[in-house]
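Chemist: Using only what follows, build the 3D model:
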Amino acid sequence: MKSITCPECKNTLQVEDSVKVGDVKECEFCGVELEMTNVSGEVLEFEMLEEEK
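Modeler: Model prediction:
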């Protein structure tokens with residue numbers, strides 16, 4: 001398992017080792033959705049998904 005820090009609530013989230021670019025992870029603490037934009041070894045980069053209005 002890998003971990004990331006939610007940019008919204010700052011809690012640590014566990015992410016499966018099989019995560020790939022385009023996968024979406026929902027923060028179990030605050031509900032924000034994070035889309036993986038770069039997965040390279042131990043480095044995970046992500047962006048918050050904007051809610052559609």
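
Chemist: Residue 17 and residue 3 touch, don't they?
Modeler: No - contact criterion CB atoms under 8 Å: residue 17 and residue 3 do not qualify, at 11.1 Å. Where you see a C-beta, it was placed from the backbone N, CA and C, and this is true even at glycine.

Chemist: any idea which element the residue most central in space within the chain lies in?
Modeler: With distances taken as CA atoms, centre = their mean, residue 34 lies nearest the centre of the chain, 4.1 Å away. Assigning secondary structure by DSSP states H and E places residue 34 in strand 33-40.

Chemist: which outside residues touch that strand?
Modeler: Contact partners of strand 33-40, identified using CB atoms under 8 Å, 6 or more residues apart in numbering, comprise 4, 6-7, 13, 19-27, 44-49.

Chemist: in its sheet, what does that strand sit against?
Modeler: With DSSP bridges as the test, strand 33-40 is paired with strand 24-26 (antiparallel), strand 43-48 (antiparallel).

Chemist: buried stuff in it?
Modeler: 34, 36, 39 (16 or more other CB atoms under 10 Å).

Chemist: Can you add pLDDT and give those residues back as CSV?
Modeler: Shown next, in CSV, are the buried residues of strand 33-40 (pLDDT from 0 to 100):
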residue, pLDDT
34, 97
36, 97
39, 94
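
Chemist: Endpoints of stretch 1-13, how far apart?
Modeler: 10 Å (CA to CA, to the nearest Å).

Chemist: Sort out which residues of that stretch are buried, please.
Modeler: Buried, per 16+ other CB under 10 Å, within stretch 1-13: 4, 6, 13.

Chemist: Please narrow those residues to those residing in strands.
Modeler: Members of those lying in strands (criterion: DSSP state E): 4, 13.

Chemist: ok so, going back, just the buried ones from the contacts of strand 33-40?
Modeler: 4, 6, 13, 19, 25, 27, 44, 46.
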